[in-house]
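Student: Sharing a sequence plus its predicted fold:
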Amino acid sequence: MKAKVLFDFILLNVPEKIAFGDLISSNFKRLAEKFVKPDLDLEIFDDDLKRLRLGHINAQNGGKTEKALLNQYEEKVDDDLRILARYGERIADGDEALLISLGFRLVRSSSTHQYVELSVEAGDVSGSVVLCRHSVDGAKTYLWQQRTESGEWTFAGATTKCKTTLSGLTPVTRYYFRVAVVSAAGTSAYSEAVTKVVE
């Protein structure tokens, strides 16, 4: 199996994400002879990082508009990082050391840990989201957790189905979600988190 980038950078808070983005940009430039033409122009990426940096400053004392803009800028940088990560994977062609030299962390496959797919969509009413995980054979309960960017993981509910709706969330706020599965074999590790700005 070829080396894959772990998209855990979406979990970084904004200052950490800016520093991480600066590192990734710098490393792509340093390794330009190997990564000749990234799928995303690095000048555009650097501009997106600058917008995120200014958006973070403006949101510190701003209102809903400034926070909404910050969320848009952060989502753009997340998308940029995904594009650069996929480009890095393609060019590295399985060379783990080369991918690590770009600054990304790699998915480590093992027989005991299974990476699961979890999706999040806007709910029918403001302040709600719908979470959906692929069903697991033998699952008895799905344990859902949520957190805001600066908060701790909190219990969001337990269901017998692999889909749930969470409500009462604060609009125009970025939330992170994850899920664990309880079966006869025990409780799994929590999934890789997904994120969404609640509408």
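Tutor: On my side now, so go ahead.
Student: When you work out contacts or count neighbours from here on, use the C-alpha atoms and nothing else.
Tutor: Fine.
Student: What lies in contact with the least confident helix or strand in the chain by mean pLDDT?
Tutor: None of the helices or strands of the chain scores lower by mean pLDDT, DSSP states H and E than strand 186-187, at a mean of 87. Applying CA atoms under 8 Å, 6 or more residues apart in numbering, the contact partners of strand 186-187 are 180-181.
Student: Neighbouring strands - and their directions - for the helix or strand just after that strand?
Tutor: As assigned by DSSP states H and E, the chain's next helix or strand after strand 186-187 is strand 194-197. As defined by DSSP bridges, the strand partners of strand 194-197 come to strand 174-183 (antiparallel).
Student: So what's the model's average confidence on the strand it pairs with?
Tutor: Mean pLDDT, strand 174-183: 92.
Student: how about the helix ranked longest in the chain: buried residues?
Tutor: For the chain, the helix reaching the highest residue count under DSSP state H is reported as helix 64-92. Within helix 64-92, the residues that count as buried by 16 or more other CA atoms under 10 Å are 66-78, 80-82, 84-85, 87-89, 92.
Student: Could you export stretch 127-147 as PDB, CA atoms only?
Tutor: Written as PDB, here are the backbone C-alpha positions of stretch 127-147 (Å, rounded to 0.1, in the frame of the first residue of the first chain):
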ATOM      1  CA  GLY A 127     -27.800  25.000  14.500                       C
ATOM      2  CA  SER A 128     -28.100  21.400  13.500                       C
ATOM      3  CA  VAL A 129     -25.900  18.800  11.600                       C
ATOM      4  CA  VAL A 130     -26.400  15.300  10.400                       C
ATOM      5  CA  LEU A 131     -23.600  12.800  11.000                       C
ATOM      6  CA  CYS A 132     -23.400   9.600   9.100                       C
ATOM      7  CA  ARG A 133     -20.900   6.800   9.400                       C
ATOM      8  CA  HIS A 134     -20.600   3.600   7.300                       C
ATOM      9  CA  SER A 135     -22.400   0.900   9.300                       C
ATOM     10  CA  VAL A 136     -20.400  -1.800  11.100                       C
ATOM     11  CA  ASP A 137     -21.500  -5.400  11.200                       C
ATOM     12  CA  GLY A 138     -22.200  -6.400  14.800                       C
ATOM     13  CA  ALA A 139     -22.300  -2.800  16.000                       C
ATOM     14  CA  LYS A 140     -24.500  -2.300  19.100                       C
ATOM     15  CA  THR A 141     -24.000   1.400  19.700                       C
ATOM     16  CA  TYR A 142     -22.500   4.400  18.000                       C
ATOM     17  CA  LEU A 143     -20.900   6.900  20.400                       C
ATOM     18  CA  TRP A 144     -20.800  10.500  19.100                       C
ATOM     19  CA  GLN A 145     -18.600  13.300  20.200                       C
ATOM     20  CA  GLN A 146     -18.300  17.000  19.300                       C
ATOM     21  CA  ARG A 147     -16.100  20.000  20.100                       C
END
